[in-house]
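Participant: Below is the sequence, then the predicted model.
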Amino acid sequence: RDFHLFLDTWKVASHSTAVDSLWAEVPVVAWSQVKMQARVCGALLQVLGLPELLARSAKDYSDLVVALATSPRARARVGRRLTAALRESPLFDTQGWVLDAERMHRLMWEVHVAQGKSAHLVVAERPR
């Protein structure tokens, strides 16, 4: 494998590039900021249960990058956690997402047919 670590930018965080990197099992280091466009990558890491890759400050970001870049053992540990997270997280569960979307669409149609109008719906989470 040629890539061992993806460094996210913090003014405008990566979006699909971070998703692609995570899907390829390349750990991503991020530092979320205030604006929405600077929080996307951090949100991905939170959903995957990898908050240790989310820096809290510029110094923390730098320290985390150096620690991972210089320690094959630390990278391997994070890599194992990422691999496990990819299997367990709903983030990359395409089949589950499709099932949820189909269930939601059926419910919307059933409500429309029964009431003849749209309504606010809350769809219960599907057991994983």
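Facilitator: The structure has been received and is ready for your questions.
Participant: Which positions in the helix or strand bottoming out on mean pLDDT in the chain come out as buried?
Facilitator: When each helix and strand of the chain is scored by mean pLDDT, DSSP states H and E, helix 40-47 comes last, with a mean of 88. Of the residues in helix 40-47, those buried under the neighbour-count criterion (16 or more other Cβ atoms under 10 Å) are V40, C41, G42, A43, L44, L45. Quick note: C-beta positions are derived from backbone N, CA and C, even for glycine.
Participant: Same question for stretch 15-24.
Facilitator: With burial defined by 16+ other Cβ under 10 Å, the residues of stretch 15-24 counted as buried are A18, V19, S21, L22.
Participant: Quick check: the farthest pair among these?
Facilitator: Based on Cβ to Cβ, the longest span within the buried residues of stretch 15-24 runs between V19 and S21 and measures 7.4 Å.
Participant: Neighbours of the closest residue to Q46 other than its chain neighbours, how many?
Facilitator: Setting aside the residues directly before and after it, Q46 is nearest to L54 in space (Cβ to Cβ, 6 or more residues apart in numbering), at 7.0 Å. Neighbour count of L54, defined by other Cβ atoms under 10 Å: 21.
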